[in-house]
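Visitor: Sequence unavailable; structure follows:
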């Protein structure tokens, strides 16, 4: 079986629409990247009914639904749907499709942008999930292989194609990579998932270092290609991906061929399957070294399978001229009338000129990554009117509008503000990133979304104006796995607990001094103190004020943290880390953020490793 691909441009379609021979890929626009197969929805409906009717054991059904991007939650009888957005690309029609599905099927009335540039919809009953993925597919959206031991959503730089310093736009090659590996026989039941990133420049906004496999554009003798990195990842064994090959060519598909060789080697590592919690490519690289993997890749490429494949990416490339759909110069446009200071504060953090003269990108802050149906629909209209139609999600749970006319930025801000999305400070200290935690995740220990709200409230109450302090990034995860990427935050937290007799306090372990900017990944130092969840905002405030009071002139946070050392940060909050006695007066400490009942560690088996 060969990988499913889109038909060649201008080529004739064969067979029934929605079949393997005629996948429903109509045009190269964001979201229309993964071929839609109608029969998979029919199969899902049938398998779901058999499971609900007691005919299929749960362990058999789980693997089936995971490939369709439907994931179990800690709450009984409801699912999370993970919709893949390769490189974060999305159209207005797809925003409206999310609005409709969220409105119909999501009790919390929101969709959630993740740090993998997906959109997730939570608390959906199984029968509704089957209908929801079918309805989303009508707009070209796919949840196929959003979960399971597959090639997960392929992330990218939201500014690819419009940023300075770019050798070439990697987006077409991202599309080909996605189309090549979705439903590919090699990647359906690997030891674990594979996370891929394509960045645009050495600024590395896609954070290649934390990925299983990742690509950085390079040009040699006029030939396009990529530096290929393999073996990164966070979680309980954080590793930075080393370079497997300094250069793999793009236009002949070598970048696909070498990736498949890596996946074939990974797939054969039966010893990794014995402990699925550690069954990642990074474990192989950590044990044997990148040189050994490179040697095995060279051997693998001598195999007969190479001649059986067509690696030519040409028919699979995502070719789309965004500029052709960009807005014309407006005949009239609005500007601030009187005091425009609020607009100027927003513009300073949200608007970045494109390398194409007359255009800018606009990044909007999406608090906790959550969007309501009204916001999805409102954004769709803004995209149509002001950005030529497209947007891209970011790995920080935000959204970037592209091809916005410079003259229109005030009108865009005004429209965003009406949707509650016009806040300044995107990617600054009050733009806190978190995973869903115990709101939905089986592996969650603590309410990371609740802590996000509490920390953000505290930061905003501090009235921070110092520009260096504003550059601090804060992230929190509800468990050690790191879905919020807390390891690479300047101040990061992961969920834990503190035992007090027969009771437990929700708590967090802090990391200090992580980095993901400027092309350098640094994992933060884990502090040897465990903070009750209700005291974390106090700890954040103390550390921020300590930094402001004790730093040297112009010293950025990570340099300060390295200079003063881990113990200084621990000493500043040591009294906060002390547990309290269980009593009515202290009951607040035994209840997590945005919860009403006493805290318990209830941790199920996550399905990532099923």
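Guide: Thanks, I have it. From a predicted model like this one, the values you see are computed outputs, not experimental measurements. Numbers count the residues shown, from 1 in each chain.

Visitor: Could you measure from residue 574 over to residue 418?
Guide: Distance, residue 574 to residue 418, by CB to CB, to the nearest Å: 46 Å. To be clear about C-beta, it is placed using only N, CA and C from the backbone, and glycine gets the same treatment.

Visitor: Just give the nearest non-adjacent residue to the most centrally placed residue in the chain, would you?
Guide: Nearest residue to the geometric centre of the chain (CA atoms, centre = their mean): residue 116, 1.5 Å. Leaving aside its chain neighbours, residue 116 sits nearest to residue 153 (5.2 Å; criterion: CB to CB, 6 or more residues apart in numbering).

Visitor: Could you point out the helix or strand that follows the helix or strand containing the one you found?
Guide: Taking DSSP states H and E as the definition, one finds residue 153 inside strand 151-156. Using DSSP H and E, the helix or strand that follows strand 151-156 towards the C-terminus is helix 171-181.

Visitor: for that following helix, packing partners?
Guide: strand 151-156, strand 194-198, helix 254-267 (3 or more CB pairs under 8 Å, 6 or more residues apart in numbering; DSSP states H and E).

Visitor: from those, which stretch is densest packed?
Guide: strand 151-156 (a mean of 27; mean count of other CB atoms under 10 Å).

Visitor: helices or strands up against that strand?
Guide: Using 3+ CB pairs under 8 Å, 6+ apart, strand 151-156 sits against helix 171-181, strand 194-198.

Visitor: out of these, which comes closest to residue 250?
Guide: Residue 250 sits nearest to helix 171-181 of all those, at 5.4 Å, using CB to CB.

Visitor: For the strand holding residue 153, what does the pLDDT average out to?
Guide: Mean pLDDT, strand 151-156: 97.

Visitor: repeat for stretch 51-67
Guide: On average, the pLDDT along stretch 51-67 is 89.

Visitor: Report the distance from that stretch to the chain centre.
Guide: When distances are taken as CA atoms, centre = their mean, to the nearest Å, stretch 51-67 is centred 27 Å away from the chain's centroid.

Visitor: ok, now stretch 410-419?
Guide: Remark: stretch 410-419 is offset 25 Å from the chain centroid, using CA atoms, centre = their mean.

Visitor: And for stretch 308-317?
Guide: How far stretch 308-317 lies from its chain's middle: 27 Å, per CA atoms, centre = their mean.

Visitor: got it, and stretch 188-208?
Guide: Its chain's average C-alpha position is 10 Å from that of stretch 188-208, according to CA atoms, centre = their mean.

Visitor: got it, and stretch 306-324?
Guide: 24 Å.

Visitor: what comes up buried for that stretch?
Guide: The neighbour-count check on stretch 306-324 (16 or more other CB atoms under 10 Å) flags 309, 311, 313, 316, 317, 318, 320, 322 as buried.

Visitor: do the same with stretch 363-381
Guide: So, applying 16+ other CB under 10 Å, buried residues of stretch 363-381: 363-373, 375-380.

Visitor: Check stretch 63-79 too.
Guide: Across stretch 63-79, burial judged by 16+ other CB under 10 Å covers 64-74, 78-79.

Visitor: Could you do stretch 117-135 as well?
Guide: Buried residues in stretch 117-135 (16+ other CB under 10 Å): 117-124, 126, 128-134.

Visitor: got it, and stretch 344-358?
Guide: Buried residues in stretch 344-358, counted by 16+ other CB under 10 Å: 346, 347, 349, 350, 351, 354.

Visitor: Show the pLDDT at the fifth one.
Guide: In this case it means residue 351. The model's pLDDT for residue 351 equals 98.

Visitor: Which of the helices or strands spans residue 83?
Guide: Going by DSSP H and E, residue 83 is part of strand 78-83.

Visitor: I meant to write residue 99 there.
Guide: Applying DSSP H and E, one finds residue 99 within helix 92-105.

Visitor: For the helix or strand following that helix, which strands pair with it and how are they oriented?
Guide: Toward the C-terminal end, the helix or strand that comes next after helix 92-105 (DSSP H and E) is strand 111-113. Strand pairing for strand 111-113, using DSSP bridges, gives strand 119-125 (antiparallel), strand 370-371 (antiparallel).

Visitor: Quick one: these as JSON lines, columns for distance to residue 533 and mean pLDDT too.
Guide: Shown next, in JSON lines, are the strands paired with strand 111-113 (distance: least, CB to CB, whole Å; pLDDT from 0 to 100):
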{"stretch": "strand 119-125", "distance to residue 533": "21", "mean pLDDT": "96"}
{"stretch": "strand 370-371", "distance to residue 533": "20", "mean pLDDT": "98"}
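
Visitor: Mind checking those for the one nearest to residue 256?
Guide: Comparing the strands paired with strand 111-113 against residue 256 with CB to CB, the closest turns out to be strand 119-125 (26.4 Å).

Visitor: The closest one to strand 78-83, inter-axis angle?
Guide: 160 degrees (axes from the mean of the first three to the mean of the last three CA atoms, to 10 degrees).

Visitor: what about the chain, any weak spots by pLDDT?
Guide: 1-31, 604-610 (pLDDT under 70).

Visitor: if you set the cut-off to 80 instead, what comes out?
Guide: Within the chain, the stretches with pLDDT under 80 are 1-32, 276-277, 338-339, 389, 602-610.

Visitor: before we move on, back to that, for residue 386, which of the strands paired with strand 111-113 is the nearest?
Guide: Residue 386 lies closest, by CB to CB, to one member of the strands paired with strand 111-113: strand 370-371, at 17.7 Å.

Visitor: What's the first helix or strand after the closest one?
Guide: helix 373-386.

Visitor: Neighbours of residue 41, how many?
Guide: For residue 41, the count of nearby residues is 18 (other CB atoms under 10 Å).

Visitor: Please disregard the earlier target; I meant residue 182.
Guide: 23.

Visitor: Surely it touches residue 144?
Guide: Yes: using CB atoms under 8 Å, residue 182 is in contact with residue 144, at 6.0 Å.

Visitor: Show me whatever sits in contact with both of these two.
Guide: residue 34 (CB atoms under 8 Å, 6 or more residues apart in numbering).
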